[in-house]
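[1] sequence and predicted model, in that order:
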Amino acid sequence: SSSKLLIKGGTVVNAHHQEVADVYVEDGIIVSVQPNINVGDGVKVIDATGKYVMPGGIDPHTHLDSDYVVTEGIDDFFSGQAGALAGGTTMHINFVIPVNGSLSAGFEAFAEKAKKSCMDYGFHMNVIKWDEDVEKEMEIMVKEKGVNSFKFFLAYKGRSMVNDEVLLKGLKKCKSLGALTMVHGENGDAIVEGQQMMIDLGITGPEGHALSRPPVLEGEATARAIRLAAFVNTPVYIVHVMSIDAMEEIAKAKQAGQRVIGEPIAAGLALDDSGIFDPDFTTAAKNVMSPPIRKSGHDKALQAALSTGVLQLVGTDHCSFNSTQKALGIDDFRKIPNGVNGIEERMHLVWDIMVVSGLITPSDYVRITSTECARIFNIYPRKGAILAGSDADIIILNPNASFEISAATHHTRSDTNVFEGKKGKGKIEVTIAGGKVVWEGGELKVVRGSGRCCSSLSSSLTCCRYSHAAAFAPSMKQGLLGAEVEEESEEKERHW
Ligand code: DUC
Ligand code: ZN
Ligand code: ZN
Ligand code: ZN
């Protein structure tokens with residue numbers, strides 16, 4: 001039956017180990033990983049000889065179904081996830097935007113939008129102001145909704161930007177809840193100055209976006225967030241690290257023993273600013289995101305930092321707009337909706353840039369695209385591993401085939417692709433999500449409504465997970481952040 005699946009003869013890659021083995025799946029769960037598994041009839045068999053069998057990607061940073069600043073992003077949960085699955089990503093963590101200042105209302109709105117999901121997902125929460133209600137709601141989010149990560153913006157003055165006082169309160173609250181503080185590190189006050197400077201100089205095109213918010217402003221805000229986190233003595237997660245300036249602040253803090261997590265994104269690793277300086281508006285505008293894609297050299301430095309562990313996991317910041325939406329800023333770069341695609345492209349790009357280039361091993365690749373994310377957000381080893389008991393979210397990558405990226409062939413909705421024309425080695429030929437083959441032979445078979453919300457709460461309900469966690473991550477019993485983890489309940493036990 002379709003609920004049973006055997007993947008034969010591939011090289012099974014986990015973050016801790018790789019070996020040639022078969023993988024047997026039943027009812028959406030990996031039952032067994034070992035060489036030469038024999039099963040009876042009625043089991044779909046996929047031959048993976050000569051290929052890598054790896055955990056599906058987990059994208060820690062997406063903005064599906066989100067209205068950011070100027071207009072609504074073009075990908076909703078369904079279209080963004082369809083693209084993700086075609087590109088080997090089987091779970092993502094999406095940011096919730098509060099509704100009228102309410103975190104709970106925001107959560108309910110996003111839970112509703114996510115009902116059309118065709119793959120599993122989780123949520124982070126944006127915190128854009130501070131009062132007693134927000135503080136109470138953060139607790140509800142953690143204890144009842146399983147959201148254990150809160151993002152604060154140091155940019156977007158007059159909209160979502162918070163000042164140091166609010167960031168400090170947020171860091172303290174997150175610490176007390178055992179939640180993780182995430183920060184968008186750019187100095188919003190200085191950016192407004194920079195933007196006005198460009199307008200006064202008559203620079204109204206997309207290049208004004210890059211010029212108005214240089215790396216020094218990313219370095220400043222990142223350093224500030226890191227030091228305030230040190231003052232509060234709590235971990236901090238820096239989202240979309242785009243510059244050497246920000247990366248070096250993270251490196252320095254890590255070297256001093258501080259728990260700082262650095263997340264580069266696909267666009268920061270794979271692109272430089274030649275796009276945003278293109279004379280064609282549509283080409284330039286599709287590169288507009290914040291923080292900006294930096295000049296050549298930053299990309300290579302971010303790759304190197306990722307290979308050495310200064311940066312730990314790769315996201316996308318997928319927040320896609322079509323060329324008509326981007327044209328809202330044809331006369332003024334400040335009105336170009338900020339955001340790029342990546343949810344579909346990340347896995348191929350990172351394989352090519354990091355593994356084919358020789359910077360990292362396949363196990364490292366699994367770690368930075370999947371396992372590390374699952375560990376940080378308390379969904380490991382339900383996700384992020386090919387182990388008995390884990391969810392059957394699996395990809396098969398053929399190292400001898402190649403990929404090419406184009407808006408003409410991608411599965412997300414925009415009419416442009418910021419990675420247009422990028423090609424490389426390694427092709428994800430099969431994606432299995434929740435035990436179902438959803439991508440094979442270039443065909444996508446996804447089911448609306450089949451995705452589940454996988455929060456840190458729902459992960460803790462399922463068995464075997466904590467015994468694996470104890471084996472592979474000794475700190476897991478306490479959770480990364482020292483939060484108490486509930487004992488697994490008897491009736492949910494499921495041993496093989
Ligand atoms: N940056 C973007 O480019 N888009 C969405 C949010 C963000 O911080
Ligand atoms: Zn951001
Ligand atoms: Zn973002
Ligand atoms: Zn168990």
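    Ah, there it is. Ligands and ions are numbered 1, 2, ... in the order given.
[2] where does the stretch 1-150 of the chain dip in pLDDT?
    Within the stretch 1-150 of the chain, the segments meeting pLDDT under 70 span 1-2, 69.
[3] for it, which residue gets nearest to ligand 4?
    Nearest residue of the stretch 1-150 of the chain to ligand 4 (Cβ to the ion) works out as I29 at 12.1 Å. (Each C-beta comes from the backbone N, C-alpha and C, glycine too.)
[4] tell me, how many neighbours does that residue end up with?
    19 (other Cβ atoms under 10 Å).
[5] across the sheet, point out what pairs with T431.
    Per DSSP bridges, the residues bridged to T431 are I395, W439.
[6] next, count neighbours for it.
    T431 has 27 neighbours, counted by other Cβ under 10 Å.
[7] that one and ligand 4: what is the separation?
    The gap separating T431 from ligand 4 is 27 Å, by Cβ to the ion, to the nearest Å.
[8] okay, buried residues for stretch 81-99 please.
    Taking 16 or more other Cβ atoms under 10 Å as the basis for neighbour counts, the residues of stretch 81-99 that come out buried are 81-98.
[9] check stretch 213-220 too.
    In terms of neighbour count (16+ other Cβ under 10 Å), stretch 213-220 has its buried residues at R213, P214, P215, L217, E218, G219, E220.
[10] just the residues you listed now: which is nearest ligand 4?
    Out of these, the one with the shortest distance to ligand 4 is E218. That distance is 43.8 Å, counting by Cβ to the ion.
[11] now do the top helix by length along the chain: distance to the chain's middle.
    Of all the elements of type helix in the chain, the one with the most residues (DSSP state H) is helix 215-232. Put simply, helix 215-232 sits 21 Å off its chain's centre (Cα atoms, centre = their mean, to the nearest Å).
[12] on contacts alone, who are the packing partners of whatever helix or strand N126 lives in?
    Taking DSSP states H and E as the definition, N126 sits inside strand 120-127. In this structure, strand 120-127 makes packing contacts with strand 89-96, helix 103-113, helix 132-140, strand 149-153, judged by 3 or more Cβ pairs under 8 Å, 6 or more residues apart in numbering; DSSP states H and E.
[13] distance to K436 added to these, as JSON lines?
    What follows is the helices and strands packed on strand 120-127, written out as JSON lines (distance: least, Cβ to Cβ, whole Å):
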{"stretch": "strand 89-96", "distance to K436": "10"}
{"stretch": "helix 103-113", "distance to K436": "22"}
{"stretch": "helix 132-140", "distance to K436": "33"}
{"stretch": "strand 149-153", "distance to K436": "28"}
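[14] out of these, which is the most enclosed?
    strand 89-96 (a mean of 27; mean count of other Cβ atoms under 10 Å).
[15] is ligand 1 contacted by that one?
    No - with Cβ under 6 Å from any ligand atom as the threshold, strand 89-96 lies outside contact range of ligand 1, at a closest distance of 7.9 Å.
[16] show me the shaky parts of the stretch 351-496 of the chain.
    Across the stretch 351-496 of the chain, residues meeting the criterion (pLDDT under 70) sit at 456-496.
[17] what about G257, neighbour count?
    Using other Cβ under 10 Å, G257 has 7 neighbouring residues.
[18] please identify the helix or strand for it.
    When secondary structure is defined by DSSP H and E, G257 falls outside every helix and strand.
[19] so the residue of the stretch 1-150 of the chain closest to ligand 4 makes contact with D393?
    No - applying Cβ atoms under 8 Å as the test, I29 and D393 come out as separate, 10.4 Å apart.
[20] of the buried residues of stretch 213-220, list those near ligand 1.
    Among the buried residues of stretch 213-220, no residue lies close to ligand 1 (Cβ under 6 Å from any ligand atom).
[21] any chance of these in TSV, with pLDDT too?
    Formatted as TSV, the entries for those read as follows, by pLDDT from 0 to 100:
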residue	pLDDT
R213	98
P214	98
P215	98
L217	98
E218	98
G219	98
E220	98
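[22] all strands for the stretch 151-300 of the chain, in order.
    Remark: strands assigned in the stretch 151-300 of the chain by DSSP state E, counting those that start in this stretch are 180-184, 236-238, 260-262.
[23] how far off strand 89-96 does the strand holding N126 point, in degrees?
    Between the direction of strand 120-127 and that of strand 89-96, the angle (axes from the mean of the first three to the mean of the last three Cα atoms, to 10 degrees) works out to 20 degrees.
[24] just the C-alphas of strand 120-127, formatted as CSV.
    C-alpha atoms of strand 120-127 as CSV (Å, rounded to 0.1, in the frame of the first residue of the first chain):
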residue,chain,number,x,y,z
ASP,A,120,4.6,20.4,8.0
TYR,A,121,5.3,23.8,9.5
GLY,A,122,6.0,25.7,12.7
PHE,A,123,5.8,29.3,13.9
HIS,A,124,8.0,32.0,15.2
MET,A,125,6.3,35.1,16.6
ASN,A,126,7.2,38.7,15.7
VAL,A,127,7.1,41.1,18.7
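[25] say whether ligand 1 is contacted by that strand.
    No - using Cβ under 6 Å from any ligand atom, strand 120-127 never reaches ligand 1; the gap is at least 9.3 Å.
[26] between that strand and helix 132-140, how many degrees?
    The directions of strand 120-127 and helix 132-140 differ by 150 degrees, with the same axes, to 10 degrees as the criterion.
[27] next up, the contacts around F377.
    Contacts of F377 were listed using Cβ atoms under 8 Å, 6 or more residues apart in numbering, and they are P60, I93, G122, N148, S149, L180, S456.
[28] what is the neighbour count of the closest residue in space to the fourth one that isn't next to it in sequence?
    When the adjacent residues along the chain are set aside, N148 lies closest to A179, with 4.5 Å between them (Cβ to Cβ, 6 or more residues apart in numbering). Counted with other Cβ under 10 Å, the neighbours of A179 add up to 25.
[29] for T204, same thing?
    That count, for T204 with other Cβ under 10 Å as the rule, works out to 16.
[30] what sits against it?
    For T204, the contact set (Cβ under 8 Å, 6+ apart) comprises M198, D331, D332, F333.
[31] hmm, 6 Å instead?
    T204 makes contact with D332 under the criterion Cβ atoms under 6 Å, 6 or more residues apart in numbering.
[32] what of the one 5 residues further on?
    Shown here is H209, whose contacts under the criterion Cβ under 6 Å, 6+ apart are V288, F333.
[33] ok, back up a step: show me what the residue of the stretch 1-150 of the chain closest to ligand 4 is bridged to.
    Bridge pairing for I29 - DSSP bridges - gives E26, D391.
[34] how far away is it from A401?
    In this view, I29 and A401 are 29 Å apart by Cβ to Cβ, to the nearest Å.
[35] also F333?
    In this structure, F333 and A401 are 39 Å apart, going by Cβ to Cβ.
[36] number of nearby residues for the nearest residue to K445 once chain neighbours are set aside?
    On the basis of Cβ to Cβ, 6+ apart, the spatially nearest residue to K445 that is not a chain neighbour turns out to be V438, at 5.6 Å. One way to gauge burial is a neighbour count; for V438, by other Cβ under 10 Å, it gives 23.
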